[in-house]
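Enquirer: give me the fold of what follows.
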Amino acid sequence: MSLNIVILAAGQGKRMNSRLPKVLHKLAGKPLLEHVVQNSASLNPVSPPIVIYGHQGEAVRKMLANLNVTWVEQQQQLGTGHAVQQALSHLSPSNRVLILYGDVPLITSETLHQLIQDTPENALGIITARVPKPAGLGRIIRDEKNKIVRIVEEKEATDKERTIQEINTGIYLIPAHYLQKWLPQLKNNNAQKEFYLTDLVQMAVDAKIPIHSQEPQRYEEILGINNCIQLAELERFYQHRYSEKLMGQGVTLCDPTRFDVRGELTVGTDVTIDINVIVEGRVTIGNHCLIGANSVLRNVILADHVEIKENCVIEGAEIAEHSVIGPFARLRPGTRIASSVQVGNFIEIKNSLIDSHTKAHHVGYIGDSEIGQRVNIGAGTITCNYDGANKHKTIIGDDAFIGSNASLVAPVKIGVGATIGAGSTITRDAPPEQLTIGRTPQRSIANWQRKKKNTQEI
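Expert: Residues are numbered from 1 along each chain as shown. Here you go, the predicted structure:
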């Protein structure tokens, strides 16, 4: 049987105490709902997942417009059963339907694959989990043959039933023709006057439909997020699991509890990552790299043998082999660093190409520039690339020497082998192999006196 996926994402999430819809809160840098959609992508449904949206629906659709899903609105939030009813017209009676939740972000594709594989086609599949703190959750009741016979909510459970640690996750795999038959029969005879999917389990028992249960490898996979405390707890679980995967690949994490990945990370061999490093977006780290403490890598490609020293922010940059960056360096989008380049402390580079063996060791700004090989950039050098309306380019040839505290006013070209005197302001092209100085002659003024403070003033 083919598969449809329905993701329930219409709830308000009042306990988040936020104006942001719950499914848009981020875990590991991505909205909760995006995690669910991506984790289900490998299940090969016959059509894009159907997302049932409701509260602040336009905001949800706008922020997640990149997702390949079918949006279906639940205008009134009348419970999970009512939510799935909104999707019935999009379901084929010959398919099975996997029901997921936009606030349960870490359910893995492996667990879902196992559920789909092991559940007979005519059966109801359900993911259950044994959790250390089941308080407030519906318990799974089994008979003497270990078959599921009902789900009891905690407020209706006996003292003995409350000791049960196996809980209902609400994740179901159901033939669509069962949904078409059972959903219209749901009753809202409860305090909330809502229609609940849990009643389908009792309907399956009454109809003698087989029920197959599947447990996740780790119970944290099925935990939902209802408040910021739970969001933080699942964030740490996600990061711990990601760190374990990296260390299993041979990555040295100096302290895995102080390392966060908020995107996709590809890592080579013999990589060491110090404490408080944050990875965002798509990042590739080559072999034999060292990432210093307190650094941020965002959409970065590092070749082999690159060292990022402490306290650097690298964004949208590509760095070739054997280069050393930092400490306290900032590389902004469009930066391309060739091999064996040294970028030192308090250097900012934006939208520039730095060729091999060039050095910029101390305090400066390089923007919209092309810098050749073996160039020395003196301390305090800046490229003045912006005239208030437009950006202009600075080009520096191979083997040039830029003295300290130079201002290169773009558009300007510094010739091959040229030397720029310290403290110069360069507004015209500097010829190759010559010393160019752009500063006023030094002079001293005799009999000049500095103003003195009135010591009687407070």
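Enquirer: where in this structure is pLDDT low?
Expert: 456-458 (pLDDT under 70).
Enquirer: show me the domain layout of it.
Expert: The record's domain parsing of the chain by automatic domain parsing lists 3-222, 228-436.
Enquirer: between the two ends of the first one, how far is it?
Expert: Start and end residues of domain 3-222 are separated by 21 Å (Cα to Cα, to the nearest Å).
Enquirer: please apply the same query to stretch 182-202.
Expert: 11 Å.
Enquirer: list the buried ones in it?
Expert: Trp182, Leu183, Leu186, Phe195, Tyr196, Leu197, Thr198, Asp199, Leu200, Val201 (16 or more other Cβ atoms under 10 Å). Glycine gets a C-beta too; all of them are placed from N, C-alpha and C.
Enquirer: tell me where the longest helix sits in this structure.
Expert: helix 228-248 (DSSP state H).
Enquirer: what residues of it count as buried?
Expert: For helix 228-248, by 16+ other Cβ under 10 Å, it's Leu231, Leu234, Glu235, Phe237, Tyr238, Gln239, Tyr242, Ser243, Leu246.
Enquirer: the last one reaches Gly268, doesn't it?
Expert: No - contact status for Leu246 versus Gly268: not in contact, 11.5 Å apart, counting by Cβ atoms under 8 Å.
Enquirer: which residue ranges of the chain form helices?
Expert: 32-39, 57-63, 80-85, 109-118, 159-162, 176-182, 199-206, 228-248.
Enquirer: how much does the last one deviate in direction from helix 32-39?
Expert: Inter-element angle recorded for helix 228-248 and helix 32-39: 40 degrees (by axes from the mean of the first three to the mean of the last three Cα atoms, to 10 degrees).
Enquirer: go ahead and name everything in contact with helix 228-248.
Expert: With Cβ atoms under 8 Å, 6 or more residues apart in numbering as the test, helix 228-248 has contacts from 16-18, 25, 27-28, 105-106, 218, 220, 223-225, 253, 256-257, 259-261, 265, 267.
Enquirer: can we see that at 10 Å?
Expert: Helix 228-248 has contacts (Cβ atoms under 10 Å, 6 or more residues apart in numbering) with 15-18, 22, 25-29, 32, 35, 103-106, 108, 218, 220-221, 223-225, 227, 251-253, 255-262, 265, 267, 271, 273, 279.
Enquirer: which ones among the residues you listed are found in strands?
Expert: Counting by DSSP state E, those place Lys26, Leu27, Thr252, Leu253, Phe259, Asp260, Val261, Arg262, Leu265, Val267, Ile273, Val279 in strands.
Enquirer: buried ones among these?
Expert: Neighbour counting by 16+ other Cβ under 10 Å classes Leu27, Leu253, Phe259, Asp260, Val261, Arg262, Leu265, Val267, Ile273, Val279 among these as buried.
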